[in-house]
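A.B. asks: Got a predicted model here, sequence first, then my questions.
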Amino acid sequence: MTTFAYSSQAVARPRRHLHAWHLVGLLAIVLFAVFPFYWMVATSIKTQAEALASPPVWLFTPHLDNYTKVLFERDVLASLGNSLIVALSTTALAVGLGTPAAYALARFEFRGKQDLWFWFITNRMLSPIVVALPVYLMARTLNLIDTHLVLILVYLTFNLPIVVWICTDQFRGVPKDLDEAARLSGASRWAIFWRIALPLAMPGVAVSAIFSFIFSWNELLYALVLTRTAARTAPVSATSFMSGYDLPWGEITATGTLIVFPVVIFALMVSRHLVQGLTMGAVK
């Protein structure tokens, strides 16, 4: 008995050490991921001298002058409003149009289905810079330059395939027996989709929605090409701070913090579905 107890303790000791190193590794990864955000927020509440100090200043008196400047003097507030309008509109349209399309691809067989599916899954392979000039020429011809509508239409073109791609796999995981049972009860196809399939596929819908929102919110190339002042988005406004040798890091990081904040809020709102959606298919 004594030998068995000693051997059990000897085995448990390396396991405890392995668990400790595992926690240390996870902590290092978290710090590596979070530190840039901390540094951005910390720099946004420093003076220019503190931001450029070498070695870095770790203890300082925070102030909000940079936020006051970017919101009221640099007109970043209007740009944030434009980004919010474009991102929310694009996300709503992408989810509203993409989920029925995904349900159809998951449930029905029709001519050209494989070709359509191939187009959806390869859409993101196209580099945005390749079609930037044709898109600009079409927008100029239609008098859509510097409008919210042109950005919404362009972003929808790239975000709709993402929604269809993610949600199709999610709908395929919903048992077809539920559809058949509902049909026997007299439910229409739309009722089956709206009341049965969509609630069960909500984790995938949440994932596709947050991806669509993030891609629309952070997009710079098309916003830079297609907008001037009226519909200028927040990422475009952030690039306007760089002029000559003057780099106001406090104002730049304050704008970056304001850009990141809505994405964090949106992610927290859908986090309950997001975790489940990101792990879909991991366990059968």
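C.D. replies: Received, thanks. Numbers count the residues shown, from 1 in each chain.
A.B. asks: Excluding chain neighbours, what is closest to residue 235?
C.D. replies: Distance criterion C-beta to C-beta, 6 or more residues apart in numbering; nearest residue to residue 235, sequence neighbours excluded, is residue 220 at 4.4 Å. Yep, even glycine has a C-beta here, placed from its N, CA and C like the rest.
A.B. asks: Kindly provide the distance from that neighbour to residue 238.
C.D. replies: 9 Å (C-beta to C-beta, to the nearest Å).
A.B. asks: picking up where we left off before, which residues does the residue nearest to residue 235 contact?
C.D. replies: Taking C-beta atoms under 8 Å, 6 or more residues apart in numbering, we find residue 220 in contact with 235-236, 239.
A.B. asks: Got the phi and psi for it?
C.D. replies: With angles defined as degrees, to the nearest 10, residue 220 sits at phi -120, psi -40.
A.B. asks: do you know how far it is from residue 77?
C.D. replies: From residue 220 to residue 77 the distance is 19 Å (C-beta to C-beta).
A.B. asks: Look at residue 229 and tell me its secondary structure.
C.D. replies: Following DSSP: H, G, I helix; E, B strand; the rest coil, residue 229 is assigned to coil.
A.B. asks: Work out for me the element the residue most central in space within the chain sits within.
C.D. replies: By C-alpha atoms, centre = their mean, the chain has its centre lying nearest to residue 214, at 2.8 Å. Using DSSP states H and E, the element containing residue 214 is helix 202-218.
A.B. asks: Which is the succeeding secondary structure element to that helix?
C.D. replies: In N-to-C order, the element after helix 202-218 by DSSP H and E is helix 221-226.
A.B. asks: What residues sit buried inside that following helix?
C.D. replies: 222-223, 225-226 (16 or more other C-beta atoms under 10 Å).
A.B. asks: Could you tell me which of the contacts of residue 220 are located in helices?
C.D. replies: Among the contacts of residue 220, the ones falling in helices (DSSP state H) are 235-236, 239.
A.B. asks: contacting residues for residue 60?
C.D. replies: Residues near residue 60 by C-beta under 8 Å, 6+ apart: 46-47, 50.
A.B. asks: let's go with 10 Å and repeat that
C.D. replies: For residue 60, the contact set (C-beta atoms under 10 Å, 6 or more residues apart in numbering) comprises 42, 45-47, 50-51, 53.
A.B. asks: now swap in residue 212 and tell me
C.D. replies: Contact analysis of residue 212 by C-beta under 10 Å, 6+ apart lists 87, 90-95, 98, 155-156, 158-160, 162-163, 166.
A.B. asks: Can you turn the buried subset of those into a selection I can paste into PyMOL?
C.D. replies: Buried members of the contacts of residue 212, defined by 16+ other C-beta under 10 Å, are picked up in PyMOL with:
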select buried, resi 87+90+91+93+94+95+98+155+156+158+159+160+162+163+166
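A.B. asks: so what's the backbone phi/psi at residue 246?
C.D. replies: Recorded main-chain torsions at residue 246 are phi -90, psi 110, according to degrees, to the nearest 10.
A.B. asks: Show me what it bridges to in the sheet.
C.D. replies: Taking DSSP bridges, one finds residue 243 as the beta-bridge partners of residue 246.
A.B. asks: Okay, now the unreliable bits of the stretch 101-250 of the chain?
C.D. replies: 243-244 (pLDDT under 70).
A.B. asks: Helices along that one, start to end?
C.D. replies: In the stretch 101-250 of the chain, the helices defined using DSSP state H, counting those that start in this stretch lie at 113-122, 128-141, 148-172, 176-184, 189-192, 198-200, 202-218, 221-226, 234-239, 249-269.
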